[in-house]
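Visitor: Task: produce atomic coordinates for the following.
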Amino acid sequence: MERRRLGGSGIAVTDICMGTMTFGCQCDEKLSFEIMDRAYDAGIDFFDAAEVYPVPPDEKTFGLTEEIVGKWMKTKPRESIIMATKVTGPGHGWFVPPVRHGRTALDRHQIMRAVEGSLKRLQTDYIDLYQTHWPDHWARYEDILEAMTTLIKQGKIRSAGCSNETCWGVMKSLWAAEQHGLSRYDTIQNNFSIMNRRCESELAQVCRREQVSLLPYSPLGGGVLTGKYTDSFPEGARFTAYQTAGGRQQKMAGRFLNDRSRAFVECLKPIADHLGITLTALAVAWSRQHDFVASTIIGATSVAQLEESLAAKDLILDDDTLRHIDEVDEQIPTPLREDGLRRL
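Guide: This next block holds a predicted model:
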């Protein structure tokens, strides 16, 4: 595995990151430990969580993922792990999170309360990368960054980042940091995969020119790119459950899983078969090969699933393979339906 720098910070991480949003819901504590142990033994040193995890968010399970990860981290040397987590975004927008009674404005008060909760659950005295889970475009970025700067000076976090952010939001935050002499975002964590390539245009330019690293989440398109949804809805799979969940989850399932995305996967399969690899390995390897990507976040609900993603850790796709993937993208462009960022 390669090691890459997070933005302009001094932190370097493995180019594959272990995501943890299934821990405490789809994965119990024992299985979560097994998955993290295997990731660690494979050389992964970068782990990503959030105070609102596991997903789907629920007031009964809020913080459980961080608690599980915190217990596991006590079994390893703390300095051997780069730990990332997130403060919940504003609760007065598209989603009211089951956190602090939904009063989750991105201001100094909430950020300070959130970080103390995460530190306690993670059983650590510092967080390597602290991210805003989603933005508040009506709030002052300097207020958010002032809180992040204070936390960096206090030694409670090492670096700050954002998630589910727009190009405008990143540039606005960088302007605010420069104008007010504050710490800047080093990373942005957004949805990015073979079937959701929007980041390759404007956001890629922002990342390259402004020294901000992308941390792609959902490189497997919520599991769609594994091919498991091609002919059916497998039992225990996330979007199988979301189909009947209603509300936000049902809409998310329709956004990821539709006739176009299924057709897209069918077109990718011959490419993977020709290389003698799985669709999973193809998708993770493709994500890793972007110069503006620092680390690709993978998830798993079993050790076997993790092994499929780990098969991509040393895989480099040649020019012909990349060209064939581009041809599929031209044939079926943007099969993942609109991702909601335009409504922020």
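Visitor: Residue ranges in this protein under the pLDDT threshold?
Guide: 236, 246, 338-344 (pLDDT under 70).
Visitor: tell me the centre residue of it?
Guide: With distances taken as Cα atoms, centre = their mean, the residue of the chain nearest its centroid is Y217 (3.3 Å).
Visitor: what sits against that residue?
Guide: 19, 48, 163, 189-192, 297 (Cβ atoms under 8 Å, 6 or more residues apart in numbering). Placement of C-beta: from N, CA and C, glycine included.
Visitor: Type out the ChimeraX command that picks the buried ones from those.
Guide: Selection of the buried residues among these in ChimeraX, burial being defined by 16 or more other Cβ atoms under 10 Å:
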select :19,48,163,189,190,191,192,297
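Visitor: thinking again about what came up before, how much space is there between the residue nearest to the centre of the chain and G276?
Guide: Separation of Y217 from G276 (Cβ to Cβ, to the nearest Å): 27 Å.
Visitor: Please give me every residue in contact with the closest residue to A253 other than its chain neighbours.
Guide: Nearest non-adjacent residue to A253, counting by Cβ to Cβ, 6 or more residues apart in numbering: Y242, 3.9 Å away. With contact set as Cβ under 8 Å, 6+ apart, Y242 has these partners: 249-250, 252-253.
Visitor: And for V55?
Guide: With Cβ under 8 Å, 6+ apart, V55 has these contacts: 21-22, 25.
Visitor: again with G19
Guide: So, once contact is read as Cβ under 8 Å, 6+ apart, G19 ends up touching 48, 217, 297-299.
Visitor: mind running it again at 6 Å?
Guide: 48, 297, 299 (Cβ atoms under 6 Å, 6 or more residues apart in numbering).
Visitor: try A294
Guide: 4, 6, 213 are the contacts of A294 under Cβ under 6 Å, 6+ apart.
Visitor: Separate out the buried members of those.
Guide: 4, 6, 213.
Visitor: May I see the residues you listed arranged in CSV, with distance to R100 and secondary structure as well?
Guide: Listed next are the buried ones among the contacts of A294 as CSV, based on distance: Cβ to Cβ, whole Å; DSSP: H, G, I helix; E, B strand; the rest coil:
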residue, distance to R100, secondary structure
R4, 34, strand
L6, 28, coil
S213, 29, strand
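Visitor: about what we covered before: tell me the one of the contacts of Y217 nearest V170?
Guide: Checking the contacts of Y217 against V170 with Cβ to Cβ, the nearest one is N190 at 9.8 Å.
Visitor: Would you mind measuring from the residue in the chain sticking out farthest from the centre to C267?
Guide: Distance to the chain centre peaks in the chain at H274, reaching 29.3 Å (criterion: Cα atoms, centre = their mean). Using Cβ to Cβ, H274 is found at 13 Å from C267.
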